[in-house]
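J.: I would like the atomic coordinates for the input below:
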Amino acid sequence: MSSLSIREVGYDHPDARQLIAEVQAEYVQRYGGPDASPVDPLEFRPPRGLFAVGYLGGEPVAMGGWRRHDDEHPQTSWAAPMAEVKRMYVAASVRGRGYARTMLAHLEDTARQAGARWLLLETGQRQPEAVQLYLSCGYQPVPAFGHYADTELSIHLGKDLTAAGEPAARTQPAAAGLPRSGQPGR
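T.: A predicted model of the protein is given here:
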C-alpha cells in the first residue's frame, strides 16, 4: 500500500477545489443536492483552522479540514474550545486503504495542537461508511449543531481530544442521532 502524503493547503487551493467538486457531486448522488453549509475559505487558515490534501504519487486523492467555532456559540459552547471537521473525503478509486483514517488522525492531531479540546462533525445517514469510520475512531453522538441541526438525515458526532480513548470527562447534553446499535438510523 502506498503511503499518503498530507500537505496543508488553503481551502481554495486548486487540488482542494478539485476534491471539493468531487465530494459535492457525491452529495448530489446521495442526497439530491450539494452540501449547503456556509463555508468561508478564510475559516480554514491557521491559527483558527486548517485544510489538508492527501496525495498519492503527486495526485490529490483525499482531503479534510477543521475550523474553530466561537467558544460562546449556543449550540457548541458545551464543547469549548472546539473545532469542526469539514470536507472529509477520499476519492472512490482509493477507498478502503485507510486514507480516511490517516487524514482524520492528522486533523485530530493538528486541532489538538491548536488548542481544541473537542472535534465535532456533521455527517449523514446516507454515508454509512463515514459514520462507521468516525465511530471506530472514538466519535460519539453529540447534540445537534450547525446548518443541518434540524435535518432528519443528519448525524452529529464528536470526540474529546484530551480523553485518549476514555469517555468524555466533561458532562455533555443528551444527544440524538444514532440508534443504540451505533448504526445510522433509517
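
J.: where do the helices sit along the protein?
T.: Counting by DSSP state H, one finds helices in the chain at the ranges 14-31, 99-113, 128-136.

J.: of those, which approaches residue 72 most closely?
T.: Of all those, it is helix 99-113 that lies closest to residue 72, at 18.8 Å by CB to CB. Using the backbone N, CA and C atoms, a C-beta is placed for each residue, glycine as well.

J.: count of residues packed around residue 109?
T.: 11 (other CB atoms under 10 Å).

J.: Please apply the same query to residue 134.
T.: 23.

J.: which ones are touching it?
T.: 104, 121, 123, 157 (CB atoms under 8 Å, 6 or more residues apart in numbering).

J.: residues contacting residue 82?
T.: Taking CB under 8 Å, 6+ apart, one finds 68, 69, 71, 76, 116, 117, 118, 119, 120, 158 in contact with residue 82.

J.: Export these to a markdown table and append columns for pLDDT and distance to residue 149.
T.: Shown next, in a markdown table, are the contacts of residue 82 (pLDDT from 0 to 100; distance: CB to CB, whole Å):
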| residue | pLDDT | distance to residue 149 |
| --- | --- | --- |
| 68 | 96 | 18 |
| 69 | 92 | 13 |
| 71 | 93 | 18 |
| 76 | 95 | 10 |
| 116 | 97 | 20 |
| 117 | 97 | 21 |
| 118 | 98 | 16 |
| 119 | 98 | 17 |
| 120 | 98 | 11 |
| 158 | 98 | 14 |
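
J.: Report the buried members of these.
T.: Listed as buried from the contacts of residue 82 are 68, 69, 76, 116, 117, 118, 119, 120, 158; burial here means 16 or more other CB atoms under 10 Å.

J.: Over to the residue found closest to the second one once you drop the neighbours it is linked to in the chain: give its phi and psi.
T.: Read it as residue 69. In space, residue 69 comes closest to residue 76 once its chain neighbours are excluded; the distance is 5.2 Å by CB to CB, 6 or more residues apart in numbering. For residue 76, the backbone dihedrals are phi -130, psi 10 (criterion: degrees, to the nearest 10).
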